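# Based on what follows, work out the 3D shape:
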Amino acid sequence: MTEANEAIQEQGPEVDAAETEDLSTLERSNRLIRQFVLWSAGGGLIPVPLLDISAIYAAQVTMIAKMTKIYGIPFSEHTFKNLLWPLFGSLGLVPVTTGLVASVMKVVPGIGHLLSSLSMPVMAGAITYATGKIFATHFEAGGTLLDFDPEQMKDHYKALFEEGKHEARQAAETKA
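Numbering: from 1, shown residues only. Purely as a prediction, here's the structure:
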């Protein structure tokens, strides 16, 4: 494993080992997903255009790196990245464009950041939720990053994204 991958796996929110000792791999993954949904939503609030998108992407990479540790699966950022982009693309033009526009709107003083802060955290949380859930399901079935087929998962990913919008709003409300 490269030093960069090791550094990625050390970042992000931590789940107390004693707290998760008796939990199944799926329960541990679900806790991890919930934490990173919040982390990604927070990344969506970063006031610098495109830095917010970088933070959300970093959160997703870190989440999957930690999840592969739970399942004892080797992690490769390069492999993960090649799987993630087709999944994002499956959401269609509207969600992807909305995220980019929301990020770039932050350059408009006042109203730009306000409008962005209304949509970006939910979009970020929903995408992170869908990504986490789709990989947790795949890993639970005995899969690895090497045998994940994004083409077969596109419809399920879209459904999880829609579910993730609700989950992101709910997670934010319970943390507030």
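
# what helices or strands is whichever strand or helix holds Phe161 leaning on?
Element membership for Phe161 (DSSP states H and E) is helix 150-175. Counting contacts by 3 or more CB pairs under 8 Å, 6 or more residues apart in numbering; DSSP states H and E, helix 150-175 is packed against helix 25-43, helix 77-90, helix 111-140. For glycine as for every other residue, the C-beta is placed from the backbone atoms N, C-alpha and C.

# so can I have a markdown table of these showing mean pLDDT, distance to Ala65 and mean neighbour count?
Below are the helices and strands packed on helix 150-175 laid out as a markdown table (pLDDT from 0 to 100; distance: least, CB to CB, whole Å; neighbours: other CB atoms under 10 Å):
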| stretch | mean pLDDT | distance to Ala65 | mean neighbour count |
| --- | --- | --- | --- |
| helix 25-43 | 94 | 10 | 21 |
| helix 77-90 | 90 | 8 | 16 |
| helix 111-140 | 88 | 11 | 22 |
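
# if we can go back for a sec, now do the helix holding Phe161 against helix 111-140, angle only.
Angle of helix 150-175 versus helix 111-140, following axes from the mean of the first three to the mean of the last three CA atoms, to 10 degrees, is 120 degrees.

# what does the average pLDDT come to for helix 150-175?
Within the predicted structure, the mean pLDDT of helix 150-175 is 87.

# Buried residues of that helix, list them for me.
Residues 150, 153-154, 156-158, 160-161, 164-165, 167-168, 171-172 are the ones in helix 150-175 that count as buried (16 or more other CB atoms under 10 Å).

# Next, count neighbours for Gly99.
22 (other CB atoms under 10 Å).
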